[in-house]
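Novice: Just need the structure, nothing else, for what follows:
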Amino acid sequence: SILKVIVLILTLALKSSFAQDTRKLSAHDDNINSIAFSNDARNFVSGGSDGKVIVWNAESGSKVNTFNMGGIVTCVAYSPDNKLIGVSILEGSAVLIDAETGALVHKFEFGPKFTSISFSNDNNYIAATHFKSTALVKNNQSGQSVDYKKFQFYTNLYSAKDYRLVKTFTIYEEDVLMGVFMFGGDAFKTYRASMFNCAFTVDSKYLATAKPDGHIAIYSFDRNDFIRDFTGHDKKVNCVTFSPDKNYLASGSNDDNLKIWNISTGKNIKTLKGHSSAVNSLAFSPDSKYIVSASDDGTAKIWNISDGKKIKTFKDHKDEVYSVGFSPDGKYIVSGGDDGKIVINNVQSLLPELKLFTAKFEATTGISSKLLEEKEAELKNVQSEYFKPKDEFETTDEYNRRLEEGRLKNQEIENKYDQKLEEKISSKEQEVNILSNEKQMNDENKIAGSVRDTILRITKIGKYNADANTFEVTIKGKKGIIIVPRKDAPT
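Specialist: All right, here's what the predicted structure looks like:
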């Protein structure tokens, strides 16, 4: 009805007016090295040098759970079904834990120092990057013995079905003079020189791995081999990520730049410059139109992919920013770094085009996920109250009546949430229609404005050429011609 639509418009306006744009949360006792969102956008997880993995509610910013991993957590990632959290630990392990309880599901033993972990969307593979360093003695040109450290960088590919090691790829090897590699007090900062990650494409056809030599290795699952290196960075590549629309690969480097690559051709289509120090982490918006970057310069920046322009610089952290995430519903950018703080930025007002994407996401995914969690909680209560074992002081008739009451309660709950889902989806579809109409009107206004600007910028019109059916025009000091049929030419 019209009244419902008016109420919905007012609700949207109030949400926009009262939404808190920036929230800072006390999180870890040390560096926050990694942030990842669940695929339903309900939660995100952070991993830190304090050995903790913390699960957060994205909307409220409240802690859901804290799990102690016993070592420096370098990376966290959700499995496609959100049931598992993958955790890479610097001290020589990568593990899978239950996303709700934190219980250990599996531990991958192979690999001295793990730096990242990633799941393929088809749920076939889990990839983890790691490196090792060994003492090495080499003779210089004078024949003197010189101490080196040999660094070797690997990507392990595991089966997501039985967790067996499928392959180990040698990504890069390098001999570093001992005098160059200085050990500090902070283990994570010491080894940050060797941090690198890997990422799957959305369709699980390719795996990209960042390399210390400034290259990006691309592995094809169809060809069962590496097909090319993307080259262009001047220094070590720290992070790679793919866009949700499967068109782009983004990379961040110690050369202070982030690059956008065409996945099909391997060509660098844009280099985004603006950071004054290393780029540590990247995340695409769910519509693939924007990308956010985190840097050692203490900032996070959001960029427009189409024109490469910087939209905003976030200066919410005191020190280096190590990780950043973009929520799958398009609402939030979350960052973490050296100060141990989590910062949640609501970007709905900054990027109004994402409101339509958010509404569509909630209509198809978000609402179902929220209601399912509520329903399961109610069903769990019924299970514990009505379906417990028969008591010794309970007659068989009483026990059977209790079971029947429980079945009826379950059916009531199922019916209630079916109705809730139908009502909420209907309401959300109205919101989608309103936002779609607003977008269409804005697009039409932009086109109309563009046409007006073009007409107004013609500063001089020359004589009409009847043979060629053209006018000579001058726009911004440059001459050109426009075709006008003789019957339409003003006389």
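
Novice: Now do the strands in the stretch 151-300 of the chain.
Specialist: Counting by DSSP state E, counting those that start in this stretch, residue ranges of the strands within the stretch 151-300 of the chain are 165-177, 198-200, 206-210, 215-220, 225-231, 237-242, 248-253, 258-262, 268-272, 279-284, 290-295, 300-304.

Novice: Switch these over to TSV; also include distance to residue 399, mean pLDDT and mean neighbour count.
Specialist: Every C-beta, even on glycine, is put in place using the N, C-alpha and C of the backbone. As requested, the strands of the stretch 151-300 of the chain are exported to TSV (distance: least, C-beta to C-beta, whole Å; pLDDT from 0 to 100; neighbours: other C-beta atoms under 10 Å):
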stretch	distance to residue 399	mean pLDDT	mean neighbour count
strand 165-177	51	88	14
strand 198-200	51	98	24
strand 206-210	56	97	26
strand 215-220	59	97	20
strand 225-231	63	93	14
strand 237-242	56	97	25
strand 248-253	61	97	25
strand 258-262	65	97	22
strand 268-272	68	96	16
strand 279-284	54	97	26
strand 290-295	58	98	26
strand 300-304	59	97	23
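
Novice: Quick check: which of these is nearest to residue 128?
Specialist: Each of these was scored for nearness to residue 128 using C-beta to C-beta, and the closest is strand 198-200 (7.8 Å).

Novice: Show me what that closest one is packed up against.
Specialist: Contact partners of strand 198-200 among helices and strands, from 3 or more C-beta pairs under 8 Å, 6 or more residues apart in numbering; DSSP states H and E: strand 113-119, strand 125-139, strand 206-210, strand 237-242.

Novice: before we move on, back to that, using a markdown table, please lay out the strands of the stretch 151-300 of the chain together with distance to residue 398.
Specialist: Formatted as a markdown table, the entries for the strands of the stretch 151-300 of the chain read as follows, by distance: least, C-beta to C-beta, whole Å:
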| stretch | distance to residue 398 |
| --- | --- |
| strand 165-177 | 56 |
| strand 198-200 | 55 |
| strand 206-210 | 60 |
| strand 215-220 | 63 |
| strand 225-231 | 68 |
| strand 237-242 | 59 |
| strand 248-253 | 64 |
| strand 258-262 | 68 |
| strand 268-272 | 70 |
| strand 279-284 | 57 |
| strand 290-295 | 60 |
| strand 300-304 | 62 |
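
Novice: wait, which of the ones you listed is closest to residue 327?
Specialist: Using C-beta to C-beta, the nearest of these to residue 327 is strand 279-284, at 9.3 Å.

Novice: Listing partners with orientation, what would you give for that closest one?
Specialist: Taking DSSP bridges as the criterion, strand 279-284 pairs within the sheet with strand 290-295 (antiparallel).

Novice: now the angle from the strand it pairs with to strand 300-304?
Specialist: Relative orientation of strand 290-295 and strand 300-304, computed by axes from the mean of the first three to the mean of the last three C-alpha atoms, to 10 degrees: 150 degrees.

Novice: Export the helices and strands packed on strand 198-200 as JSON lines, with columns for distance to residue 174.
Specialist: Formatted as JSON lines, the entries for the helices and strands packed on strand 198-200 read as follows, by distance: least, C-beta to C-beta, whole Å:
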{"stretch": "strand 113-119", "distance to residue 174": "15"}
{"stretch": "strand 125-139", "distance to residue 174": "10"}
{"stretch": "strand 206-210", "distance to residue 174": "14"}
{"stretch": "strand 237-242", "distance to residue 174": "14"}
